[in-house]
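S.K.: Pasting the sequence and the predicted model now:
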Amino acid sequence: MSITDALSQVWDTILDITSLFVLPDWGALIGLLPIFILLGVVGPLVTFTMLGIMGYQIAKPRTSVKFVEGPRVAAIAADGQPVFPPGLPFCRRDSLVYTSGTTRCDTCGDELAVTCPMCQLGRSAGIDTCSNCGLVLKVKSRAVAVRSKVGPKPGGAAAA
Ligand SMILES: [Zn+2]
Ligand SMILES: [Zn+2]
């Protein structure tokens with residue numbers, strides 16, 4: 001008799017616990033609604049915002065590299081001397097490396113120098129052929145592009 005009572009009590013307890021899950025307490029659920037809205041709306045919003053920020057951070061260096069057209073500061077070697085990459089015009093005074101085709105320094109107005117990629121001989125950036133080895137730096141197309149940005153070409157001005 002007492003065993004049956006105990007079993008029946010256990011069964012009632014199991015039913016009570018089950019009913020908590022089977023029959024939802026709507027009042028409690030409505031009370032939790034702000035949390036569900038938070039998880040369902042704000043959660044994805046935060047996720048997308050984070051993804052957007054991450055995407056922007058990843059994309060940013062690419063765009064900044066894409067638009068770097070002006071001079072950049074030359075790297076400094078271990079001996080303290082600036083390193084100028086061969087074939088690119090540079091200003092020794094300002095330690096600036098310019099894009100191919102530039103002949104004058106924007107900062108000091110000096111004529112730029114260029115190191116021959118073949119024989120490492122330095123010369124004026126305005127000269128496209130190396131006097132030592134005869135290597136020609138193909139800078140003409142870039143030079144036109146750079147100049148057309150600064151001012152209109154004589155031909156273009158005449159046409160307009
Ligand atoms: Zn300069
Ligand atoms: Zn050379």
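M.R.: Thanks, I have the structure now. Ligands and ions are numbered 1, 2, ... in the order given.

S.K.: okay, now the closest residue to residue 124 other than its chain neighbours: neighbour count?
M.R.: With sequence-adjacent residues excluded and distances taken as Cβ to Cβ, 6 or more residues apart in numbering, residue 124 is closest to residue 111, at 5.6 Å. Every residue, glycine included, has its C-beta placed from N, CA and C. Using other Cβ atoms under 10 Å, residue 111 is surrounded by 12 other residues.

S.K.: State the distance from residue 111 to residue 103.
M.R.: 6 Å (Cβ to Cβ, to the nearest Å).

S.K.: Residue 42 now?
M.R.: Where residue 103 is concerned, residue 42 sits at a distance of 57 Å (Cβ to Cβ).

S.K.: quick one: which of those two has more around it?
M.R.: The neighbour comparison of residue 42 against residue 103 (other Cβ under 10 Å) goes to residue 103, with 18 against 11.

S.K.: what bridges to the nearest residue to residue 85 once chain neighbours are set aside?
M.R.: Nearest residue to residue 85, sequence neighbours excluded (Cβ to Cβ, 6+ apart): residue 97, at 6.4 Å. Applying DSSP bridges to residue 97 gives these bridge partners: residue 72, residue 90.

S.K.: Give me the number of neighbouring residues for residue 97.
M.R.: Counted with other Cβ under 10 Å, residue 97 comes out at 20.

S.K.: how about the residue nearest to residue 124, what does it touch?
M.R.: 103-105, 124-126 (Cβ atoms under 8 Å, 6 or more residues apart in numbering).

S.K.: Could I get the full set of helices for this structure?
M.R.: Per DSSP state H, the chain carries helices over the ranges 2-22, 26-31, 33-37, 43-67, 140-150, 154-159.

S.K.: among the ones you listed, which gets the worst mean confidence?
M.R.: Of all these, the minimum mean pLDDT falls on helix 140-150 (a mean of 46).

S.K.: Residues of this structure that sit close to ligand 1?
M.R.: By Cβ under 5 Å from the ion, the part of the chain that sits against ligand 1 consists of 91, 93-94, 105, 107-108, 110.

S.K.: got a winner among these for most neighbours?
M.R.: Neighbour tally across those (other Cβ under 10 Å): the maximum, 25 neighbours, falls on residue 91.

S.K.: Much appreciated, bye for now.
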